[in-house]
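Enquirer: coords please:
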Amino acid sequence: MGDEVLAIHDLHVSVEGNEIIKGISLSINLGEVHVIMGRNGAGKSTLANVIMGHPAYEVTSGNITYNGKDLDEMEVFERARAGMFLSFQYPSSIPGVQVGTFLRKSVTAVRGESAPSAREFRKELKSHMEALDMDKSFLSRYVNDGFSGGEKKRLEILQMLLLNPNLALLDETDSGLDIDALRVVAEGINSIGSTSGCLLITHYQRLLDHVKPTYVHVMIDGKIVKTGGAELALDLEAKGYDWLEA
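Expert: Next comes the predicted model:
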């Protein structure tokens, strides 16, 4: 659809000597939504964490480039400033830090000199919160402290919208969402649309009723074993994963 944002070449990753990712190749262009599905332990979250630079994972061979630059040369904060965003499968709580303060500092840290003024930030924040059906009282609460699963996911999507990433890595963003929250979160994902590349990790086809994937990849035991369109997710919903291992 557009320029290449992310390119993964024959990637192998280990944790404490155990190989988790066993030779993945994948490229994502601007405007594309790539969905990865697979059983627990297949290596999906590992892939997202490796792309973002988590130090617990060791790339043993292969490489990843972002906008043509080798990611090995970039620290985690440099990846964020360059336009990469990761939503966590299990977002951490930060007692004592208010949501509004957290969001303002996140935007300032990532955007740097191009960060909006306080007035511009409030305007952006209000617009995105209205789109996500979030009450302004949310801003005075402590980050993820006592939040429901749906509230945590909405906060991550709000942060994503404010940061406006070039590459969004969304790890099980649909986890814990009811039907209404799922629709709202999906609209947030869709809104970054043509301006970003997106790698979306999910277990369920239901999110794809609202977010149209460019490609669906099935990951089993650290490898991508099949790639297709949205119909592949429907096949998985009907058949499970056993048919791909036959």
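Enquirer: now the helices for this structure?
Expert: With DSSP state H as the definition, the chain shows helices at residue ranges 44-52, 76-81, 99-111, 118-131, 149-163, 179-192, 230-239.
Enquirer: Would you mind listing the residues in contact with residue 208?
Expert: Under the criterion of CB atoms under 8 Å, 6 or more residues apart in numbering, the contact partners of residue 208 comprise 35, 202, 216, 230, 233. The C-beta positions use only the backbone N, C-alpha and C, and glycine is treated the same way.
Enquirer: what's next to stretch 210-217, contact-wise?
Expert: With CB under 8 Å, 6+ apart as the contact definition, stretch 210-217 has outside contacts at 1, 26, 31-37, 182-183, 186-187, 189-190, 200, 208, 224, 226-230, 232-233.
Enquirer: buried residues in it?
Expert: 211, 213-217 (16 or more other CB atoms under 10 Å).
Enquirer: need the contact list for the nearest residue to residue 99 once chain neighbours are set aside.
Expert: In space, not counting the residues next to it along the chain, residue 99 is nearest to residue 139; the distance is 5.0 Å by CB to CB, 6 or more residues apart in numbering. Neighbouring residues of residue 139 by CB under 8 Å, 6+ apart: 98-100, 103, 125.
Enquirer: Find the centremost residue of this protein, please.
Expert: Residue closest to the mean C-alpha point of the chain, counted by CA atoms, centre = their mean, is residue 170 at 1.8 Å.
Enquirer: mind listing what the nearest residue to residue 11 once chain neighbours are set aside touches?
Expert: Counting by CB to CB, 6+ apart, the nearest residue to residue 11 once its immediate chain neighbours are dropped is residue 62, at 3.9 Å. For residue 62, the contact set (CB under 8 Å, 6+ apart) comprises 8-12, 23-25.
Enquirer: and if we set it to 7 Å?
Expert: Going by CB atoms under 7 Å, 6 or more residues apart in numbering, residue 62 touches 9-12.
Enquirer: so what pLDDT did it get?
Expert: Model confidence at residue 62, given as pLDDT, is 96.
Enquirer: Could you check how far it is from residue 47?
Expert: 12 Å (CB to CB, to the nearest Å).
Enquirer: that older thread, redo the buried residues of stretch 210-217 as JSON lines? Include pLDDT and distance to residue 67.
Expert: Putting the buried residues of stretch 210-217 into JSON lines (pLDDT from 0 to 100; distance: CB to CB, whole Å) gives the following:
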{"residue": "211", "pLDDT": "92", "distance to residue 67": "23"}
{"residue": "213", "pLDDT": "93", "distance to residue 67": "22"}
{"residue": "214", "pLDDT": "94", "distance to residue 67": "19"}
{"residue": "215", "pLDDT": "96", "distance to residue 67": "20"}
{"residue": "216", "pLDDT": "96", "distance to residue 67": "24"}
{"residue": "217", "pLDDT": "97", "distance to residue 67": "21"}
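Enquirer: in the worst-scoring helix or strand of the chain on mean pLDDT, what counts as buried?
Expert: Every helix and strand of the chain was ranked by mean pLDDT, DSSP states H and E. The lowest is helix 179-192, at a mean of 86. If you call a residue buried by 16+ other CB under 10 Å, then helix 179-192 has these buried ones: 181-182, 184-186, 188-189, 191-192.
Enquirer: Repeat that for stretch 38-53.
Expert: Applying a neighbour-count criterion of 16+ other CB under 10 Å, the buried positions in stretch 38-53 are 38, 42-53.
Enquirer: Out of these, which is nearest to residue 75?
Expert: Checking the buried residues of stretch 38-53 against residue 75 by CB to CB gives residue 53 as the nearest, at 6.9 Å.
Enquirer: Tell me, please, where in the chain the pLDDT is lower than the cut-off.
Expert: Counting by pLDDT under 70, the ranges of the chain that qualify are 1-2, 246.
Enquirer: so residue 64 makes contact with residue 51?
Expert: Yes. Proximity of residue 64 to residue 51 meets the contact threshold set by CB atoms under 7 Å, at 6.1 Å.
Enquirer: Since that was my last question, I'll sign off now.
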